[in-house]
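K.L.:
Mind looking at a prediction? Sequence and model below.
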Amino acid sequence: MNDIKKKSFYILVLSNFFFFISASAQNTIVTGIITDAKDKSPLPYVTVLFKGSQLITKTDAAGNYRLSNAGAFTQIQVNYVGYKSQVLNIKANTTQTIDIRLQEESQSLTEVKISGAKRARYRNKDNPAVELIRKVIEHKPMNRLESEKTVEYQQYDWMQFSLSNLSDKFKNKKIFRKYQFLFDEQDSTAVGGKNILPVYLRERLSQNYYRKNPEKTKVIMLADKHVNFDESLVDNNAIGTYFERMYADVDIYKNNITFTNSQFLSPIADAAPAFYKFFITDTVKTHTPNLIELSFIPRNENGLLFEGRIYITMDGRYAVQDAFLKTGKGVNINFIRAMEVKLNFEKDTASKYHMSKSHLLVDFGLGKEGGRGFKGERTVIIKDYKSNVEHPDSLYRGESLVLAPDAEKRSDQFWAENRLDSSAKDKMKIYSNIDTLGQMKSFKRLMDVASILFIGYKQFGTIDVGPFYSFYSFNNLEGFRLRFGGRTTTDFSTRWYFSGYGAYGFKDEKWKYYGSAAYSLNNKSIYKFPQSFIRVSYQRDVDIPGDESKTAVPEDNIAASFRRGVNNQFIYSEFYRAEYMQEYANHFSFNIGFRRWRQTPAGTLLYESFDQNNQLIRADHITSAEFNLELRYAPKERFYQGKTQRERTIEKYPVFELNFASGMKGAFGGQYEYQNLIGTIDKRFYLSQFGRSDMRLEGGYIFGKVPFPLLDIHHANQSYSYQVYAYNLMNFQEFVSDHYVSLNVDHNFNGFIFNRIPLLRKLKLREYATFKGLIGGIRDENDPNIHRNLLQFPKNEEGVARTYSLGKEPYIEGSIGIGNIFKVLRLDMVKRFNYLDNPGVSEYGLRAKVQFEF
């Protein structure tokens, strides 16, 4: 009995002890919203703290705050510049909600009630916060890197991409039973939730140099390490390039900060006072020099703007010491639920502040916050920052980015000694995890399915079969058409590359085919930059004169089979080609080649002319043989690079192209002697908050006498899809020229207008406006109406001409469009402004385009 009493006593003591521990561990949590006492508007970036402590929080843009700690605090203090401070009693060790109304410093509550006056609206005039930000803007030139003669520093950065917000139920599904080792856990309150699945990690170490005069940058990549998927499944370089573009460097001193091809206005941009509201929210006197905390919110919550705070040095330089930027929930950008940027700055050897660390965090997803998605992070560390150190010119010669020998083969010991961010050490298991994943058969099967869905090819050993979306199509000439093709991969050879297809039309009962053989001169894939190869090919297929893709191997698909209007004039094209392609590291390239092209009219198209006796002559075909030279210069061009294809990323840098072709009469069956010169300039213009414009200026001139099939047949579009570089209300073969100039402008307002309309801004729609103008004509020597021995312009079934030359009046069409419908669809209402009397044309047309944009 005594033993029972003793045990009961011990149990009672232990129970009380654990009860005491659990009670003492109870947090004091205070939440609420802080508003203006007069107009009830929420107050952003109000300072809230437990009185007598350094435990501080700030309200967000909507005035919400949350303060939490295990201490037994009984009071909170609220401070806000321009308002009276308040001290309020709270209950210790409990969770409570306290909404607070702050009174302006200049007036009492009684005075407000008596006067009934409304609080003055926010304005820039006589606003000390705006005066301060203008000082920051004024001093930007002296605080930027470009203010020094030379700058050099070492940079380390790591980048990670993970599946995020994965529930325990999702994690424990049968399909993931073999992949549990891939999952990672973090604080459940962090962006991405408790369970994440890292799928990509990359680390880099580089030495960076900048020279002001003449301006030049040089980056020597000392080390580069990233996860490696099986190259037969995934192109690792393509993944790295894609992620690198998404996580660009952040320079707050630039007017615009680019993320995912969208420009966000910097809070210290020259035009910032017109787009942001600024508030002085704190003064930090414990720092040398003293700092002022300047908080800001966007005037338009849907604009490409940040909210957050910056700390400004009060030493006469007005430099940024630290910055915290984030996007609001209403920002008009797709698939990004949240984005945060933290910047830290340190003094350099000249007592100027330079960025020492940046951390970018992005939460990607299709659904609402908290749903499954992707989490992206990038941290940049800078050390050994020096200015005004002279180096010989030889350092800056050559390419701006140079990969050091063995940069991709650095040892684990090297990384352990040079990894500047200690938190990155915890991520090392990702490398081995992905290596293990790549060897799993179930993962390889999954990647096979993904390759078919997103790329269109299925790999069988050393051959890719596809593209699957071109297996079936139809048109008026061929009717039902089947096609089957494939190509070799680098597993077959890194020198030799073969590709081809065969197709059959069940209406015209003819076979079409294509075959090519290429030899790589640099022992690398012919699809990757820099290209260097020799290729010969033969192709026989159906073409539509004036179709934009007439000079390329057609990639038929079911969507392109649906066309408007009359579409019954075709040609059977037979091509023999030989070419030498050479690209250089500075992004200059040339292509020298030969092409023999035999055109046979088909459908209702006829090649007719008149002899000296005015008798009608009908030609079975025409043949041209020409020498080609294509020159291209695309400074700082980057690609979305795949295993066997690549796509240029459209950026602010121009692309110049010059194409020259010389027809050879009497050689290889060529019937005509001529020279064709075409030049194009492509350029994207970023206009910050007003969106961006893509512009193409093109001009061409044909020297010599040629029939109409060899004239420039202007690109037309008779499908219902919107084509950016074609005339969407022009019919095939409608206009031809031997000299022309065209201008194409496609402007995306990025929601600048719709973001200001209360009901529409929730839909995050985007506005488009386009202009397409064409000036051209035909010289008398190439006009079949003057020289009847030339092939006559085609006519329709009623005998009415359907092909014309442009007169003194330019062809003009334009459109206004709405994009981002369901995040993937763009609709344009297109208007044709002239030449409306031509047969079979429409003044208006609705066109659709599927496009994925952030």
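P.N.:
Nice, thanks for sending it over.
K.L.:
What separation is there between Ile76 and Pro42?
P.N.:
18 Å (C-beta to C-beta, to the nearest Å). To be clear about C-beta, it is placed using only N, CA and C from the backbone, and glycine gets the same treatment.
K.L.:
which one of these two has more residues nearby?
P.N.:
A side-by-side neighbour count of Ile76 and Pro42, using other C-beta atoms under 10 Å, places Ile76 first with 24 against 15.
K.L.:
Wait, that one touches Ala92, no?
P.N.:
No - in this structure, Ile76 is not within contact of Ala92 by C-beta atoms under 8 Å, at 11.3 Å.
K.L.:
Show me which residues of stretch 383-390 are buried.
P.N.:
Residues of stretch 383-390 classed as buried: Tyr385, Ser387 (neighbour count, 16 or more other C-beta atoms under 10 Å).
K.L.:
That one: how far from the chain's middle?
P.N.:
Its chain's C-alpha centre and that of stretch 383-390 lie 33 Å apart, by C-alpha atoms, centre = their mean, to the nearest Å.
K.L.:
what mean pLDDT does it have?
P.N.:
Mean pLDDT, stretch 383-390: 91.
K.L.:
Ok, stretch 402-416 next?
P.N.:
90.
K.L.:
Quote the end-to-end distance of that stretch.
P.N.:
23 Å (C-alpha to C-alpha, to the nearest Å).
K.L.:
Could you check that stretch and say which residues are buried?
P.N.:
For stretch 402-416, using 16+ other C-beta under 10 Å, the buried residues are Ala407, Arg410, Trp415.
K.L.:
Stretch 629-641 too?
P.N.:
For stretch 629-641, burial by neighbour count (16+ other C-beta under 10 Å) applies to Glu630, Arg632, Tyr633, Ala634, Glu637, Arg638, Phe639, Gln641.
K.L.:
and which of those is nearest to Arg372?
P.N.:
The shortest approach to Arg372 among these belongs to Gln641, at 27.9 Å (C-beta to C-beta).
K.L.:
what about the strands in the stretch 51-200 of the chain?
P.N.:
56-58, 64-69, 75-79, 86-89, 95-97, 100-102, 150-166, 184-185, 195-211 (DSSP state E, counting those that start in this stretch).
K.L.:
The closest residue to Tyr804 other than its chain neighbours: what's it in contact with?
P.N.:
Spatial nearest neighbour of Tyr804, excluding adjacent residues (C-beta to C-beta, 6 or more residues apart in numbering): Phe735 at 5.8 Å. Applying C-beta atoms under 8 Å, 6 or more residues apart in numbering, we find Phe735 in contact with Ile713, His714, Leu774, Gly776, Thr803, Tyr804, Ser805, Leu806, Tyr811.
K.L.:
Mind checking what secondary structure Leu759 has?
P.N.:
Here Leu759 is coil, with the state taken from DSSP: H, G, I helix; E, B strand; the rest coil.
K.L.:
picking up where we left off before, any chance of JSON lines for the buried residues of stretch 402-416, columns secondary structure?
P.N.:
Shown next, in JSON lines, are those (three-state DSSP):
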{"residue": "Ala407", "secondary structure": "helix"}
{"residue": "Arg410", "secondary structure": "coil"}
{"residue": "Trp415", "secondary structure": "helix"}
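K.L.:
Give me the buried positions along the helix or strand in which Ala578 is found.
P.N.:
Using DSSP states H and E, Ala578 sits in strand 569-583. Residues 569-577, 579, 581-583 are the ones in strand 569-583 that count as buried (16+ other C-beta under 10 Å).
K.L.:
Please enumerate the helices of the stretch 251-400 of the chain.
P.N.:
Residue ranges of the helices in the stretch 251-400 of the chain, as given by DSSP state H, counting those that start in this stretch, are 272-275.
K.L.:
just to revisit the earlier point, starting at the chain centroid, how far to the strand holding Ala578?
P.N.:
Distance of strand 569-583 from the chain centroid (C-alpha atoms, centre = their mean) equals 32 Å.
K.L.:
pLDDT of the helix or strand following that strand, averaged?
P.N.:
Downstream of strand 569-583, the next assigned helix or strand under DSSP H and E is strand 588-603. Strand 588-603 shows a mean pLDDT of 96.
K.L.:
which helices and strands sit right next to the helix or strand following strand 588-603?
P.N.:
Counting by DSSP H and E, the next helix or strand C-terminal to strand 588-603 is strand 607-610. Helices and strands touching strand 607-610, by 3 or more C-beta pairs under 8 Å, 6 or more residues apart in numbering; DSSP states H and E, are strand 616-619.
K.L.:
continuing past the strand it packs on, what's the next helix or strand?
P.N.:
strand 622-633.
K.L.:
strands paired with that next one, and their directions?
P.N.:
Using DSSP bridges, strand 622-633 pairs in its sheet with strand 588-603 (antiparallel), strand 655-663 (antiparallel).
K.L.:
And the contacts of it?
P.N.:
The contact list for strand 622-633 (C-beta under 8 Å, 6+ apart) reads 579, 587-599, 607, 655-664, 667-672, 676, 707, 709-710, 791.
K.L.:
which of those are buried?
P.N.:
Burial by neighbour count, 16+ other C-beta under 10 Å: within the contacts of strand 622-633 this picks out 579, 587, 589, 591, 593-599, 607, 655, 657, 659, 661-664, 670-672, 676, 707, 709-710, 791.
K.L.:
sorry, back to before: convert the C-alpha atoms of the strand holding Ala578 to PDB, please.
P.N.:
Only the C-alpha atoms of strand 569-583 are listed here, as PDB (Å, rounded to 0.1, in the frame of the first residue of the first chain):
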ATOM      1  CA  GLN A 569      -3.900  26.100-105.200                       C
ATOM      2  CA  PHE A 570      -0.900  24.100-104.300                       C
ATOM      3  CA  ILE A 571       2.500  23.200-105.700                       C
ATOM      4  CA  TYR A 572       4.500  20.000-105.500                       C
ATOM      5  CA  SER A 573       8.000  21.100-104.400                       C
ATOM      6  CA  GLU A 574      11.100  19.100-105.100                       C
ATOM      7  CA  PHE A 575      14.200  20.400-103.300                       C
ATOM      8  CA  TYR A 576      17.800  19.400-103.500                       C
ATOM      9  CA  ARG A 577      19.900  21.200-100.800                       C
ATOM     10  CA  ALA A 578      23.500  21.400 -99.600                       C
ATOM     11  CA  GLU A 579      24.600  23.700 -96.900                       C
ATOM     12  CA  TYR A 580      27.500  24.600 -94.600                       C
ATOM     13  CA  MET A 581      26.400  26.100 -91.300                       C
ATOM     14  CA  GLN A 582      28.900  27.800 -88.900                       C
ATOM     15  CA  GLU A 583      28.100  29.700 -85.700                       C
END
